[in-house]
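K.L.:
sequence isn't available, so here's the structure alone:
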């Protein structure tokens, strides 16, 4: 849509330019043509007058000649109109034939004043009107161009987009080669990695000027003091009180020798252009900064949450292990076989608990370090679910597990190990919050163009006020009974994994006591080729 | 190979791990040779001629994978690799280099013993017979000569590729086979990365040969690594 709009605005501008050309006479050929028409009109009038003479009264002859002068004053320049007036006056003076000197003088004065005055006054007025019209049309086309730029900028998704648009439009609207240098906000200086320019080499002097533009927040380069040797004019891009980058203009094409200021058509628009670009850039920079700060705060709070509850989580299995094993070391001889087995079983179970906790923590540190980096490959969904269920069997205990997968589900692109972990965590969560005789359902189907995997339990459910926080780190339902175990990290990890796969995860519950359903939605990619030529034998 | 007692070489730098392995292998009457570094391990592998090697991948003096590569230049002795959890790339690399199986730390002794038994049995089989003409895994039986596959006595129609896949997995019952190994052997080296073939064919195989394809008991997925056929009746 933007493109067709742009088409229209360029063709409008082209037409405006043509109309302007026609009226003002931008080209020499047209100017000459108009002068010719003026003199031709005058000549035609003169011939007509000459033929009709002496039947034609003086006043009529004067009126005809004046007509020719008026025509030339309107269509041609003041000079041409004055020329016509002079020629007309001479003709009017001489056509009367033998007359007295006084008569000739009177004719010359009459013709000269009327025609010369008309040519002068009308010529200047016409010129003024034409330049006004030209200005108005130029302004209209400028406005159209700026409007188009601002539309484009407001649609830009990120800083890179803004930069690209600015450069493209700078080249086109201003007829200048445009470059953009962005600020690295951490170092508070121009970043050499963020130079946007199509095939432009910047010299050290250029950089110096650009840096100065950013620091002083004023124009440098080209027509400025100390920088007259440069081809570029650098202008700071500001939004609010901060400069976010520098834009450089260099007149391109025929005008490359001229300074930007001499190239009027470019300079006229530059102010508005730079302002628009500055605001667009500032907005993207600030949005970026806000997101980053929020993310940092989130990570920070996560870290401290984890650390505080970690001590507790690690402590209880460790206490059991140390207690049991030290008892065995101390009193081994006095214990009977059953007691010894009991203590060893405790050590084993608590160590398993520690193992789960450590694994979750490892996952978490991995996610928070360099971020989650799924090694995606083709996965068959029922395989994934079967594998997750198999792994969760011990945790799910006596609960009946109902698996339903729609037939002919597409393959998905995912990291098998991670996605299995995500589903396992949901199953573990279902086990944790339901009774051992309950059933857990896991289903997979296509929904809304996505692959949907749902884990449903008939356990304690989630209250309306808890449901928003259920994926937050170390959030555990207040309804947590004794001995639910676990670290409260499972759902957070599941969410991180699903999001790393560009998917979504959410929880629904009809309220406390009514069970809960967790849904994972994963994108379905274009299906790979899987060799169909293999036919059944026998 | 000394007397009739199989000898297991344990290469692990953690004395605690070696201690409980020694105790448990002792119960099963396996002989045990210990090494705490890759260098010692290689020396023991050449001088003591073990029947099985249990190798920790993270050794202080070098990568366990190098040891596998060295050992494989002159012997087919089964190697079971121990690795840190969740490092599938390491496992796959070790398996592709010729390790026979892997186990993630921490592991239970029951799991390790099951792997050890499979590897030793495999070794005995390959020493006694060349190529078996009939294989059985669970209630699936495969007749290599007639290329006939039966499930609980009923003949099942398989495509040529499905047949090759089932043979490869069943011949290695108990052992994990990596995606790459399966793809290279069945589809050829050019298709070694086309995991989607395997996904589709394994699903088809389960449909045809598993009692409940949604809960497979014979053809199991090893997440991120490959597939393993196991005999549920074992």
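P.N.:
Cool, the structure landed. Source: prediction; values computed, not measured. Residues are numbered from 1 along each chain as shown, chains lettered A, B, ... in the order given.

K.L.:
which one is residue A:240 nearest to, not counting chain neighbours?
P.N.:
Of all residues beyond its chain neighbours, the one nearest residue A:240 is residue A:282 (6.2 Å), with distances taken as Cβ to Cβ, 6 or more residues apart in numbering or on different chains. For the C-beta atoms, the positions are set from N, CA and C on the backbone; glycine is no exception.

K.L.:
give me phi/psi at the one you found?
P.N.:
phi -60, psi -40 (degrees, to the nearest 10).

K.L.:
so what's residue A:117 up against?
P.N.:
With contact set as Cβ atoms under 8 Å, 6 or more residues apart in numbering or on different chains, residue A:117 has no partners.

K.L.:
wait, residue A:86 touches residue A:120, no?
P.N.:
No - at 11.6 Å, residue A:86 and residue A:120 do not qualify as touching, with contact defined as Cβ atoms under 8 Å.

K.L.:
for the residue nearest to residue A:240, give me its contacts.
P.N.:
Counting by Cβ under 8 Å, 6+ apart, residue A:282 has contacts A:237-240, A:242, A:244.

K.L.:
that one and residue A:403, how far apart?
P.N.:
53 Å (Cβ to Cβ, to the nearest Å).

K.L.:
report all helices and strands that the longest helix anywhere in chain B contacts.
P.N.:
Criterion DSSP state H: the longest helix present in chain B is helix B:109-128. In terms of contacts (3 or more Cβ pairs under 8 Å, 6 or more residues apart in numbering or on different chains; DSSP states H and E), helix B:109-128 is packed against helix B:15-27, strand B:52-56, strand B:79-84, strand B:101-105.

K.L.:
any of the contacts of residue A:282 buried? List them.
P.N.:
Buried members of the contacts of residue A:282, scored by 16 or more other Cβ atoms under 10 Å in any protein chain shown, are A:237-239, A:242, A:244.

K.L.:
farthest-separated two in those?
P.N.:
Spatially, the most separated pair among those is A:237 and A:242, at 9.7 Å (Cβ to Cβ).

K.L.:
any idea how far stretch B:114-123 is from the chain center?
P.N.:
Computed by Cα atoms, centre = their mean, to the nearest Å, the chain-centroid distance of stretch B:114-123 equals 8 Å.

K.L.:
buried ones in it?
P.N.:
For stretch B:114-123, by 16+ other Cβ under 10 Å, it's B:114-116, B:118-120, B:122-123.

K.L.:
closest one of these to chain A?
P.N.:
residue B:114 (15.6 Å; Cβ to the nearest Cβ).

K.L.:
show the pLDDT at the nearest residue to the closest one once chain neighbours are set aside.
P.N.:
Counting by Cβ to Cβ, 6+ apart, residue B:114 lies nearest to residue B:174, which is 7.7 Å off, once chain neighbours are set aside. Looking at residue B:174, its pLDDT is 87.

K.L.:
against residue B:229, how distant is the residue lying farthest from the centre of chain B?
P.N.:
The centre of chain B is farthest from one residue, residue B:154, which by Cα atoms, centre = their mean lies 28.8 Å away. With the distance defined as Cβ to Cβ, residue B:154 ends up 19 Å from residue B:229.

K.L.:
go on, residue A:300?
P.N.:
49 Å.

K.L.:
between the two, who's got more neighbours?
P.N.:
residue B:229 (25 against 10; other Cβ atoms under 10 Å in any protein chain shown).

K.L.:
can you pull the contacts of the residue farthest from the centre of chain B?
P.N.:
Per Cβ under 8 Å, 6+ apart, neighbours of residue B:154: none.

K.L.:
do residue A:150 as well
P.N.:
residue A:276.

K.L.:
in whichever strand or helix holds it, which residues are buried?
P.N.:
Applying DSSP states H and E as the criterion places residue A:150 in helix A:117-154. Burial within helix A:117-154, assessed by neighbour count using 16+ other Cβ under 10 Å, is assigned to A:118-119, A:122-123, A:126-127, A:134, A:137-138, A:141-142, A:144-146, A:148-150, A:152-153.

K.L.:
next one: stretch A:432-440
P.N.:
Buried residues in stretch A:432-440 (16+ other Cβ under 10 Å): A:432-434, A:438, A:440.

K.L.:
does it come close to chain B?
P.N.:
No - contact of stretch A:432-440 with chain B (Cβ under 8 Å from any Cβ of the partner chain) is absent, the minimum separation being 13.7 Å.

K.L.:
pLDDT of that stretch, averaged?
P.N.:
85.

K.L.:
all helices of chain B, in order?
P.N.:
Under DSSP H, chain B gives helices at B:15-27, B:38-47, B:64-72, B:88-97, B:109-128, B:160-171, B:179-186, B:195-209.

K.L.:
minimum distance to residue A:454: which of the ones you listed has it?
P.N.:
helix B:195-209 (20.5 Å).

K.L.:
what sits up against that closest one?
P.N.:
Contacts of helix B:195-209 (Cβ under 8 Å, 6+ apart): A:377-380, A:382-383, A:411, A:528-531, B:140, B:149, B:151, B:156-159, B:161-162, B:165-166, B:179, B:182-183, B:187, B:191, B:213, B:216, B:218-219, B:221, B:227.

K.L.:
and the residues you listed, which of them are buried?
P.N.:
Counted by 16+ other Cβ under 10 Å, the contacts of helix B:195-209 give A:377-380, A:382-383, A:411, A:528, B:140, B:149, B:151, B:156, B:158-159, B:161-162, B:165-166, B:179, B:182-183, B:187, B:213, B:216, B:218-219, B:221, B:227 as buried.

K.L.:
kindly report the residues of chain A close to chain B.
P.N.:
A:351, A:355, A:359, A:362-363, A:375, A:377-380, A:382-383, A:385-387, A:389-390, A:403, A:405, A:411, A:415-417, A:420, A:528-531, A:534-538.

K.L.:
sort out for me which of these are in strands.
P.N.:
Among the residues of chain A next to chain B, the members falling in strands (DSSP state E) are A:377-379, A:403, A:405.

K.L.:
quick check, nearest of these to chain B?
P.N.:
Of all these, chain B sits closest to residue A:378, with 3.7 Å by Cβ to the nearest Cβ.

K.L.:
near chain A, which residues of chain B show up?
P.N.:
B:85-86, B:88-89, B:106, B:147-148, B:155, B:157-163, B:187, B:194-197, B:199-200, B:202-203, B:213-216, B:220-221, B:223-224.

K.L.:
could you redo the last one with a cut-off of 6 Å?
P.N.:
Taking Cβ under 6 Å from any Cβ of the partner chain as the measure of proximity, chain B contacts chain A at B:88, B:106, B:157, B:159, B:161, B:195-197, B:199-200, B:203, B:214-216, B:221, B:223-224.

K.L.:
now, of those residues, which are buried?
P.N.:
B:88, B:159, B:161, B:195-197, B:199-200, B:203, B:214-216, B:221, B:223-224.

K.L.:
on contacts alone, who are the packing partners of the lowest-mean-pLDDT helix or strand in chain B?
P.N.:
In chain B, no helix or strand scores lower on mean pLDDT, DSSP states H and E than strand B:62-63, which sits at a mean of 80. Applying 3 or more Cβ pairs under 6 Å, 6 or more residues apart in numbering or on different chains; DSSP states H and E, we find strand B:62-63 packed against no helix or strand.

K.L.:
strands paired with it, and their directions?
P.N.:
strand B:58-59 (antiparallel) (DSSP bridges).

K.L.:
contacting residues for the most centrally placed residue in chain B?
P.N.:
Centroid-nearest residue in chain B, with Cα atoms, centre = their mean: residue B:175, separated by 2.9 Å. By Cβ atoms under 6 Å, 6 or more residues apart in numbering or on different chains, residue B:175 lies in contact with B:100-101.

K.L.:
please redo it, this time with the cut-off set to 7 Å
P.N.:
Each residue near residue B:175 by Cβ atoms under 7 Å, 6 or more residues apart in numbering or on different chains is listed here: B:100-101, B:118, B:122, B:228.

K.L.:
point out where chain B drops to low pLDDT.
P.N.:
Along chain B, segments meeting pLDDT under 70 span B:1-3, B:85-86, B:126-132.

K.L.:
understood, closing this out.
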